[in-house]
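S.K.: attaching a predicted model along with its sequence, questions to come.
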Amino acid sequence: MAISVKDIKEKDFSSQKHGYSIEEVDDFLDEIADQVSELIRENLALKNSLQQAQNAPAPEPVVIEKETAKPEFDDQGYFRNLENAMRESLINAQRIAEETRQAAEKEAADTVSAAQAQAAAITADAANEVANAKAEAQSVRDAVARYRAEFRALVEEQVKVLKAKESLFD
């Protein structure tokens, strides 16, 4: 199950005498939740932008008819040449617009990938810190259990010594 921003913000750890500072853990989890939230918003915006770019109608190609050049200048020839130049400019503008759209789509995909990778890294770091905290807590529990067992054995040994030598107090 994926960890949500809500899961991070509402995560509670059990408090222990020698554990981590609850305030520091809460502050860190809030910071992670804010960053993940921002990445999710950015990801959704990029996906929306990509969807709009993909749904945009493709420009219709313009067909240019080539005409043979006339050796003499006349108004009709001038306007035909101007029309051809305008058609070529329009075709170039459409080509540039398509290249720009494709570049924007690629950049959006790259940004989404980078954001997802960053979110995965943040989540993995948080999981590692949680695992380390659990391991440290377990080692403290183990140390307490060993101390109790050793202390109990010491007390029992002292009771045996006292029972064996009752004459010590006579």
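M.R.: Looks like it came in fine. For clarity, every value in this text was computed on a predicted model and none was experimentally measured.

S.K.: could you check how far the most centrally placed residue in the chain is from Ile40?
M.R.: For the chain, Ala119 is the residue whose C-alpha lies nearest the centre (C-alpha atoms, centre = their mean; 1.5 Å). Distance, Ala119 to Ile40, by C-beta to C-beta, to the nearest Å: 8 Å. (C-beta placed from N, C-alpha, C; glycine too.)

S.K.: longest helix anywhere in the chain?
M.R.: helix 75-164 (DSSP state H).

S.K.: ok now that one, how far from the chain's centre?
M.R.: 4 Å (C-alpha atoms, centre = their mean, to the nearest Å).

S.K.: still on that earlier bit, against Leu162, how distant is the nearest residue to the residue nearest to the centre of the chain once chain neighbours are set aside?
M.R.: The shortest distance from Ala119 to any non-neighbouring residue, by C-beta to C-beta, 6 or more residues apart in numbering, is to Leu39 (4.8 Å). According to C-beta to C-beta, Leu39 and Leu162 sit 67 Å apart.

S.K.: the residue nearest to the centre of the chain reaches Glu38, doesn't it?
M.R.: No: applying C-beta atoms under 8 Å, one finds Ala119 not in contact with Glu38, separated by 9.8 Å.

S.K.: just checking, next helix/strand downstream of the lowest-mean-pLDDT helix or strand in the chain?
M.R.: When the helices and strands of the chain are scored by mean pLDDT, DSSP states H and E, helix 5-10 comes last with a mean of 75. Counting by DSSP states H and E, the element after helix 5-10 in chain order, helix or strand, is helix 22-55.
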